[in-house]
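1. after the sequence you'll find the predicted model.
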Amino acid sequence: MQPNLFTTMRSLKLIEGCKATQVYALNNNPSSSPPPSTGLREKVLQHLQDHLRVNSIRSKSSRTHQNAAVSLDSLLPHGLPVSDLLEPHIDPSLKFVDSIEKLAGVHRRIENSSQLEKSEAFLEQCAIFRGLTDPKLFRRSLRSARQHAVNVHAKVVLSSWLRYERREDELIGTTSMDCCGRNLECPNASLVSGYHPESVYDRCLCSRVETNGGDCVSECSTSEVDYDISFCIGDEEVRCVRYKIASLSRPFKAMLYGGFREMRLSAINFTNNGVSAEGMRAAEAFSRVGKVEMFPINIVLELLTLANRFCCDELKAACDSYLSRLVKDLDGALSLIEYGLEEAAYLLVAACVQVFLRELPSLMRNPNVVKIFCSVEGRERLGLVGHGSFVLYLFLSQIAMEDDMKSNTTVMLLECLVEYAVEAWQKQLACHQLGAVMLERKEYKDAERWFSSAVEAGHVYSLVGVARSKFKRGHRYSAYKIMNSLISDCSAATGWMHQERSLYCSGKEKLLDLDMATDLDPTLTFPYKFRAVSLAEESQFGAAVAELNKIMGFKVSPDCLEMRAWISIAMEDYEGALKDIRALLTLEPNFLMFNKKIHGDHMVELLRPLVQQWNQADCWMQLYDRWSSVDDIGSLAVVHHMLANDPGKSLLRFRQSLLLLRLNCQKAAMRSLRLARNHSKSEHERLVYEGWILYDTGHREEALAKAEESISIQRSFEAYFLKAYALADSALDPESSKYVIQLLEEALRCPSDGLRKGQALNNLGSVYVDCDKLDLAADCYTNALNIKHTRAHQGLARVYHLKHQRKWAYDEMTKLIEKARNNASAFEKRSEYCDREMAQSDLGMATLLDPLRTYPYRYRAAVLMDDHKETEAIEELSRALAFKPDLQLLHLRAAFCDSMGKSAEAIRDCEAALSLDPNHTDTIDLYNKTREPQP
């Protein structure tokens, strides 16, 4: 397998996880009566208390610093985790027994939908992708939903949602109504009705200079108008043209030409009709020029009322459109939305709603806004104007759950979501999420009711919520029966089924269920944590840490870091504990440890005196060492330490984002990038970070523009690096490759540190390899290794392989395996440079270290197919697909099924693969071939 160009530059394998969720309980009162069978835990706790008291003075530093007293009250103030109280988190997203069939089904729906139905189909796909680990899939589907949106309301919600995904509200100096330059997210383009899927990625018209109102003023001149009727309002007389006023609406036409008394009058008393003389003059002017832009806002609002009262459709549309363009900020939206709701002004309300949505999440606690969206009256009025919808409340409830899952606002929004749910998947999602919120609020009866409603709608995973709710209400056996029945009835049980059943049994049966859960889905964190705590309760702390290391080698999460830190404290490994807590705080800066009782920053302050003290120069040396040994968690901890001394250092924030991307923690990475941008000391630096933000959220062209603008201000390593990276994110022809080489060479001429120059050299070597300039590539990799860029071993091995020096390639990868702390990819790559038996061994180790890597499964399946073991080959691929829907795995399984004559299975896998990547050429060809009529 040839590596994709620049895979070593920055990891683009992004996930949306890393949310701070409470995943285990603590024994808050060690002296209280323990649960059954906890005598051993009491002894362990007492042993730790005695041990920590005896060893209350400890120093690990080789440098001079004060000894510090260690007490159980300060380091473990809330006791120790208890295995019997641990519970896995219930995912509030949709989750399926057969995710492949679900992906295939939503692809079929999209393909078979009419143009006006596609947006809803893509919205369902969004809901499915939300439950997967790659946020790029969700954003791509969200963009497609916006692209195919028909009405203004859907455009407003979806464009606001896209903006929220980038969290531009955290960028200093920006406003909620700033435009990104494309119709896709442009606030003005969202207010244009109609179906225009082909133009959403075009440049918007925000930069166009608007014409002034001079023409309108001249058109309003009355010097040559032949008036033939007057409207008397109080003591004032407004002269009008009869047929012009009649043309405003059918009621006016009937009054002036329909045989009524007014038809014969030249002066009509209009005093008691709720319109002022100024308003009537404006109506008269509109009847001639068809515009309202020249009038003050209070007159336009009066015209809107007049238009509603007398059914003047064109006048209402003009007022509605003009007023909607005036809504630019929160104050304007709050003052005008009441007029819009009262007068049923669709565009005006849309503009106000758009401001509210683009101000999220800060407005989630604004009582006026919450009242508009959540109160019975508010949502009824929104619905009457055409601005109440499932997509609106799906967006709002998503933000509310992220902000505070237990709040009353979250509950109210989810109740609105249930009301607007019509399709089966909508009912499944709304009821399941409401059940998850009620469970968090400890309202178990309501939680069971909502989870049961989700099950009735067809969401099998909600049975987990039903069982958990029963368990919380004391019905343990009922919970066990639910999960046991589900496993028995399911033809292919999943990891989450066994994980949940383990809660309701004990002893060997519990451990067997947890082992089965890990075997079926190694990405589930709960089984590792339970086994780790069980080992810690037996004082096997080293084995407990080793158990957690198994999952943290490929999936880093705050809860696992927290647990490993606790065990490290029990082992008196304060450096290890501090490292994990610093990494944890990088993922979740406000994380509360120990049953949400202690802020992580406080634990840092308690542990810091107990470890070796570093100055900033020491930190840089430590960062180089950890970076070169591919110790990403250790590197994160060092960067966190450095930022504590210099929080405004944008360069460090950027390094932090790179590490987080390598750990697949995209949400935290984007937050670090935004902080890097906000703390930039110069404009050219800020532009670079804005470019990375745009690139990482799918805006490649805009990222390139930012890089070029930065270079025009000042040449810098990072600007050239960004431009080279963005250009290389596509198939490169010889000319493009030559240009990328020039950009990287320019980057290397600019000042930077060894960490970044090592990456640039490594990437330059990759381009040289693709251009078949192997000697130049080898020089780049060697120079990168000379400045401790360890990953360059992989590139140098590739050069040796292409030179037919296979033994040297193998030895080079062995060096990487020996140096790198995270070396699953090195084992995988080394397998390409040895015989089949050794390759199988290396790939087995790669899967053991990181089961999310898909190449080993594909290799083993191909070997089995070569040995004519078709069934075993399919099973090998299915094993991985059960917990990781992957494009390459699906394509290969489809090809295998097609070769075996299983066309239905092949078509299903092709459809699921195309749901993940609708433009994958090989899958499209196979899909078309499979669907051809057989002779």
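-> Done, it's in.

2. enumerate the positions of stretch 234-253 that are buried.
-> For stretch 234-253, the neighbour count (16 or more other CB atoms under 10 Å) marks 238, 240-242, 244-246, 248-249, 252 as buried. Just so you know, the C-beta spots here come from the backbone N, C-alpha and C atoms, and that holds for glycine as well.

3. gap between the two ends of that stretch?
-> One end of stretch 234-253 to the other measures 23 Å (CA to CA, to the nearest Å).

4. how about residues contacting it?
-> Contacts to stretch 234-253, defined as CB atoms under 8 Å, 6 or more residues apart in numbering, come from residues 222, 225-232, 255-257, 267, 270-271, 277, 280-281, 283-284, 286-288, 307, 310-315.

5. could you dump the strand or helix carrying Val353 to PDB, C-alpha only?
-> Counting by DSSP states H and E, the element that carries Val353 is helix 346-358. Once non-C-alpha atoms are left out, helix 346-358 reads as follows in PDB (Å, rounded to 0.1, in the frame of the first residue of the first chain):
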ATOM      1  CA  TYR A 346     -41.900  35.400   6.700                       C
ATOM      2  CA  LEU A 347     -38.600  36.900   5.600                       C
ATOM      3  CA  LEU A 348     -38.400  39.300   8.500                       C
ATOM      4  CA  VAL A 349     -38.900  36.500  11.000                       C
ATOM      5  CA  ALA A 350     -36.300  34.400   9.000                       C
ATOM      6  CA  ALA A 351     -33.800  37.200   9.300                       C
ATOM      7  CA  CYS A 352     -34.400  37.600  13.100                       C
ATOM      8  CA  VAL A 353     -34.200  33.800  13.600                       C
ATOM      9  CA  GLN A 354     -31.000  33.800  11.600                       C
ATOM     10  CA  VAL A 355     -29.400  36.300  13.900                       C
ATOM     11  CA  PHE A 356     -30.400  34.300  17.000                       C
ATOM     12  CA  LEU A 357     -29.000  31.100  15.500                       C
ATOM     13  CA  ARG A 358     -25.700  32.600  14.400                       C
END
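
6. helices of the stretch 701-850 of the chain, start to end?
-> Ranges of helices within the stretch 701-850 of the chain are 717-728, 734-749, 754-770, 774-786, 792-802, 806-819, 824-830, 836-849, based on DSSP state H, counting those that start in this stretch.

7. need those helices in CSV with mean pLDDT, distance to Ser389 and mean neighbour count, can you?
-> Formatted as CSV, the helices of the stretch 701-850 of the chain follow (pLDDT from 0 to 100; distance: least, CB to CB, whole Å; neighbours: other CB atoms under 10 Å):
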stretch, mean pLDDT, distance to Ser389, mean neighbour count
helix 717-728, 94, 36, 24
helix 734-749, 93, 44, 17
helix 754-770, 93, 46, 23
helix 774-786, 96, 53, 19
helix 792-802, 96, 50, 23
helix 806-819, 95, 53, 18
helix 824-830, 95, 45, 25
helix 836-849, 95, 45, 17
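
8. dump these to a markdown table, plus distance to Asn595.
-> Below are the helices of the stretch 701-850 of the chain laid out as a markdown table (distance: least, CB to CB, whole Å):
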| stretch | distance to Asn595 |
| --- | --- |
| helix 717-728 | 42 |
| helix 734-749 | 48 |
| helix 754-770 | 38 |
| helix 774-786 | 46 |
| helix 792-802 | 43 |
| helix 806-819 | 39 |
| helix 824-830 | 33 |
| helix 836-849 | 32 |
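
9. the ones you listed: which one's closest to Thr523?
-> Proximity to Thr523 (CB to CB) singles out helix 836-849 among the helices of the stretch 701-850 of the chain, at 12.9 Å.

10. and that closest one, what does it pack onto?
-> The helices and strands touching helix 836-849, judged by 3 or more CB pairs under 8 Å, 6 or more residues apart in numbering; DSSP states H and E, are helix 824-830, helix 855-866.

11. give me the buried positions along the longest one.
-> Just to be clear, that refers to helix 855-866. Neighbour counts over helix 855-866 (16+ other CB under 10 Å) mark 855-861, 863-865 as buried.

12. just the buried subset of the contacts of stretch 234-253, please.
-> 229-231, 255-256, 270, 277, 280-281, 283-284, 286-288, 307, 310, 312, 315.

13. so Leu659 touches Val639, yeah?
-> Yes: in this structure, Leu659 is within contact of Val639 by CB atoms under 8 Å, at 6.9 Å.

14. name the residue in the two with the higher neighbour count.
-> Val639 (29 against 26; other CB atoms under 10 Å).

15. got the CA positions of stretch 854-871 in CSV?
-> In CSV, the C-alpha atoms belonging to stretch 854-871 read as follows (Å, rounded to 0.1, in the frame of the first residue of the first chain):
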residue,chain,number,x,y,z
THR,A,854,-8.1,-1.1,8.3
TYR,A,855,-5.2,-2.3,6.2
PRO,A,856,-4.4,-5.4,8.3
TYR,A,857,-8.0,-6.6,7.9
ARG,A,858,-7.9,-6.0,4.1
TYR,A,859,-4.6,-7.8,3.8
ARG,A,860,-5.7,-10.9,5.8
ALA,A,861,-9.0,-11.0,3.9
ALA,A,862,-7.0,-10.9,0.6
VAL,A,863,-4.8,-13.7,1.7
LEU,A,864,-7.8,-15.8,2.6
MET,A,865,-9.4,-15.1,-0.8
ASP,A,866,-6.2,-16.2,-2.4
ASP,A,867,-6.4,-19.4,-0.4
HIS,A,868,-10.0,-19.9,-1.7
LYS,A,869,-11.4,-19.3,1.8
GLU,A,870,-14.1,-16.9,0.7
THR,A,871,-16.3,-17.2,3.8
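
16. give me the residues contacting it.
-> Contacts of stretch 854-871 (CB under 8 Å, 6+ apart): 1, 828, 831, 836, 839-840, 843-844, 846-847, 872-874, 876-877, 879-880, 884, 886, 888-889, 892-893, 896, 900.

17. same deal with stretch 836-853?
-> In contact with stretch 836-853 (CB under 8 Å, 6+ apart) are residues 522-523, 553-555, 822-825, 827-828, 830-832, 834, 855-857, 859-860, 863, 880, 883-884.

18. what's near enough to touch the residue lying closest to Ala797 once chain neighbours are set aside?
-> The shortest distance from Ala797 to any non-neighbouring residue, by CB to CB, 6 or more residues apart in numbering, is to Glu812 (3.8 Å). Counting by CB under 8 Å, 6+ apart, Glu812 touches 793-794, 796-797, 800.

19. swap in 6 Å and give it another go.
-> Glu812 makes contact with 793, 796-797 under the criterion CB atoms under 6 Å, 6 or more residues apart in numbering.

20. out of those residues, which one sits closest to Leu748?
-> Using CB to CB, these come closest to Leu748 at Leu796, 17.9 Å.

21. ok, back up a step: out of the buried residues of helix 855-866, who's nearest Lys406?
-> Ranked by distance to Lys406 (CB to CB), the buried residues of helix 855-866 are led by Tyr857 at 40.2 Å.

22. quick check: the closest one vs Asp631, distance?
-> 27 Å (CB to CB, to the nearest Å).

23. for Glu198, same thing?
-> Distance, Glu198 to Asp631, by CB to CB: 48 Å.

24. who's more crowded, those two?
-> Per other CB under 10 Å, whichever of Glu198 and Asp631 has more neighbours is Asp631, with 18 against 8.

25. do you know the pLDDT at that one?
-> pLDDT recorded at Asp631 is 93.

26. ok, it touching Arg821?
-> Yes: here Asp631 reaches Arg821: they are 4.3 Å apart, a contact under CB atoms under 6 Å.
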